[in-house]
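Participant: Starting from these lines, generate the structure:
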Amino acid sequence: MNNPFIGKHGPLLIAEIGGNHEGDFEFALDLTHQAIDADVDIIKYQIYTGATLVNKKESPDRVEHFKKFELTQNNHVHLAELCIQNGVQYSASIWDESVLEWIDPFLKLYKIGSGDLTAFPLLKKIAGKGKPIILSTGLSSLEDIVGSVNYIRSINPIYDLPEKLAILQCTSLYPNKDTDVNLNVLKSLRKTFEYPIGYSDHTEGTLALRIAFSMGAKILEFHFTNSREGKTFRDHFVSLTGQEVKELIRDIKIINNLHGSDKKKPTEQESSTDHVRSFRRAVYPIRDLSSGDVITEKDLAIFRPNHGIDARDFQKLIGRSINQDVKAFNPLDWSFIS
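Facilitator: Okay, the predicted model is just below:
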């Protein structure tokens, strides 16, 4: 089975357009084209209506706020087809379970936003589909995450498999302060779960994303925009542009090369250029030695290059006799030693 959490550049790269289109379908199309050009793996949106997301009696103002960001079913189908036609996965955070039936054919995986980590009725519906799930964990304790993972597994045991579930460290603030990003949580999540662990970003710039990848994040999610200039909606300010995504991909390749191998040995270049011998030291006599002399520490020193007897064997020579004449600073050989 192919691992759905591996991207073409290594980590799975998710460009979250989310609500950055601000309810303007033509702007959503433009952002989608730019994200396709940036060469990401997945372009993600959000599907909801204000009326099905927020209690209209408790928070009528928030209902009206979210209505401004709504796109129609036809809009989302068009965006999904555009992504797929261009070889990029379409994805969406589903905040309204009534859309599952018509959007499911376009989804290879589901993304659960941080706010819905504990929305068990919605998790039940999505887990019933059996498709891979990515969980964001903003607002959550480790116990919250364990509880939601166990709930998903209880609904469908297919989520015991590591290719079916992934977990993202996330802090749900816009933007995050550096001290709130907590990338070390990646380590805690890896210790707790046998699932792929990634990072969902709400910082300014790409530094946190690059560090997260260097710490082993398998998935990198970030908000996406065309420009932060002249914008008022908060998500734009924690978003990357297409050029910044391309620079991130470049840096990922560099970081991956820097990671290299976990097997410690001289590199091919070190060996082929004789660096091992020229940088290391050997034992040399610092005075002329005559056959029969007993070697003392004052007779010897260690110098580059490592010709003859290795510096690690210095003490083995002390008190031994030499069986032939050797000029000062000439290499020694064990055949000279009695």
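
Participant: quick one, domains of the chain?
Facilitator: 9-259, 274-336 (automatic domain parsing).

Participant: which residue ranges form the helices in the stretch 1-150 of the chain?
Facilitator: Assigned by DSSP state H, counting those that start in this stretch, the stretch 1-150 of the chain shows helices spanning 25-37, 50-53, 60-67, 73-85, 100-103, 120-127, 142-155.

Participant: Let me know the average pLDDT across the fifth one.
Facilitator: This means helix 100-103. Predicted confidence along helix 100-103 averages 96 (mean pLDDT).

Participant: could you pull out the strands for this structure?
Facilitator: 6-7, 10-18, 42-47, 89-94, 110-112, 133-136, 165-169, 197-200, 219-224, 239-240, 282-285, 300-303, 309-310 (DSSP state E).

Participant: coming back round to it: could you export the helices of the stretch 1-150 of the chain to a markdown table, including columns for distance to Ala166?
Facilitator: Backbone N, C-alpha and C define where each C-beta goes, glycine included. Formatted as a markdown table, those follow (distance: least, Cβ to Cβ, whole Å):
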| stretch | distance to Ala166 |
| --- | --- |
| helix 25-37 | 20 |
| helix 50-53 | 24 |
| helix 60-67 | 27 |
| helix 73-85 | 20 |
| helix 100-103 | 20 |
| helix 120-127 | 14 |
| helix 142-155 | 11 |
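
Participant: Out of those helices, which gets nearest to Glu297?
Facilitator: Minimum separation from Glu297 across these (Cβ to Cβ) falls at helix 142-155, 58.5 Å.

Participant: report the angle between the axes of that closest one and strand 165-169?
Facilitator: 160 degrees (axes from the mean of the first three to the mean of the last three Cα atoms, to 10 degrees).

Participant: And helix 142-155, what's buried?
Facilitator: Ile145, Ser148, Val149, Ile152, Arg153, Ile155 (16 or more other Cβ atoms under 10 Å).

Participant: Neighbours of Asn75, how many?
Facilitator: Other residues near Asn75 come to 17 when the count uses other Cβ atoms under 10 Å.

Participant: show me the contacts for it.
Facilitator: Contact analysis of Asn75 by Cβ atoms under 8 Å, 6 or more residues apart in numbering lists Phe25, Ala28.

Participant: and what of Asp313?
Facilitator: Val283.

Participant: quick one: Glu101 and Thr52, what's the gap?
Facilitator: In this view, Glu101 and Thr52 are 15 Å apart by Cβ to Cβ, to the nearest Å.

Participant: What residues does the residue nearest to Ile249 when sequence neighbours are not counted make contact with?
Facilitator: Distances taken as Cβ to Cβ, 6 or more residues apart in numbering put His9 closest to Ile249, at 5.2 Å, once the chain neighbours are dropped. Residues near His9 by Cβ under 8 Å, 6+ apart: Asp39, Asp41, Ile249, Ile252, Lys253.

Participant: how near is the first one to His33?
Facilitator: The gap separating Asp39 from His33 is 13 Å, by Cβ to Cβ.

Participant: With neighbour numbers in mind, choose between the two.
Facilitator: More crowded of Asp39 and His33, by other Cβ under 10 Å: Asp39, with 17 against 14.

Participant: So for that one, what's the pLDDT?
Facilitator: pLDDT at Asp39 comes out at 98.

Participant: follow-up on the earlier one: more crowded one of Glu101 and Thr52?
Facilitator: Thr52 (14 against 8).

Participant: these two touch, right, that one and Val99?
Facilitator: No - contact between Thr52 and Val99 fails when scored by Cβ atoms under 8 Å: they sit 9.1 Å apart.

Participant: Run through the bridge partners of Leu13.
Facilitator: Beta-bridge pairing for Leu13 (DSSP bridges): Leu220.

Participant: Could you list which residues are in contact with it?
Facilitator: Applying Cβ under 8 Å, 6+ apart, the residues near Leu13 are Gly7, Val40, Asp41, Ile42, Leu220, Val245, Leu248, Ile249.

Participant: tell me the two of the contacts of His9 that are most distant?
Facilitator: So, those by Cβ to Cβ: farthest apart are Asp41 and Lys253, at 14.7 Å.

Participant: Name the residue in those two with the higher neighbour count.
Facilitator: Asp41 (21 against 12).

Participant: Could I get the phi/psi values of that one?
Facilitator: Torsion angles at Asp41 (phi, psi; degrees, to the nearest 10) stand at phi -90, psi -40.

Participant: From Glu229, how far off is it?
Facilitator: From Asp41 to Glu229 the distance is 27 Å (Cβ to Cβ).
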